[in-house]
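**Student:** For reference, the sequence and a predicted model appear below.
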Amino acid sequence: MTDLFKNYEEQPVELKAICDKWLEKEQSDGLSYQDCKMFLKEVESIGFTFEYGLDAEPFNLKPIEDFKTIGLLKEYFNLSKEHYKIGAMQLMKDQPYAEKVARLNTIHYRLREIENEIE
């Protein structure tokens, strides 16, 4: 896979906007390790990722392999944490929570389907 930092013309518009903002900061002030962390969070939110070292030099910008699956996993784990915090008794009293549990089950089955497709 090509590094989209090196192949700027292949970047989607939304990614270019994020990269341009951070490139401007890099050229004026340089990037810190914390800046790279924030930059990475922004590009991950639109389905891309990159690496960086202690030198705070981003490299290897590329699409996240399976962004949809990662989104489902994040939602699954967030809902799972909430389920354990609130407890099963809450399910009987709280309709919105019951809907979240139903969504959790749907995501769980979809992840199983994806897992079976991969195998």
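**Tutor:** The structure has been received and is ready for your questions.
**Student:** Name the SS class of Thr49, please.
**Tutor:** strand (DSSP: H, G, I helix; E, B strand; the rest coil).
**Student:** need the contact list for it.
**Tutor:** Contacts for Thr49 (Cβ atoms under 8 Å, 6 or more residues apart in numbering) come out as Leu40, Val43, Leu61, Lys62, Pro63, Ile64. All C-beta spots, glycine's among them, are computed from the backbone N, C-alpha and C.
**Student:** what's across from it in the sheet?
**Tutor:** As for beta bridges, Thr49 partners with Lys62 under DSSP bridges.
**Student:** For it, give its distance to Pro12.
**Tutor:** 14 Å (Cβ to Cβ, to the nearest Å).
**Student:** same question, Glu51
**Tutor:** Counting by Cβ to Cβ - Glu51 and Pro12 are separated by 19 Å.
**Student:** residues of stretch 15-30 that come out buried?
**Tutor:** Under the neighbour-count criterion of 16 or more other Cβ atoms under 10 Å, stretch 15-30 has Leu15, Ile18, Cys19, Trp22, Leu23, Glu26 buried.
**Student:** ok, now how distant is the fifth one from Phe5?
**Tutor:** Okay, so that is Leu23. Taken as Cβ to Cβ, the span from Leu23 to Phe5 is 9 Å.
**Student:** Just the closest of the buried residues of stretch 15-30 to Ile107, please.
**Tutor:** Distances from Ile107 to the buried residues of stretch 15-30, taken as Cβ to Cβ, are shortest for Leu15 (26.7 Å).
**Student:** Perfect, that will be all.
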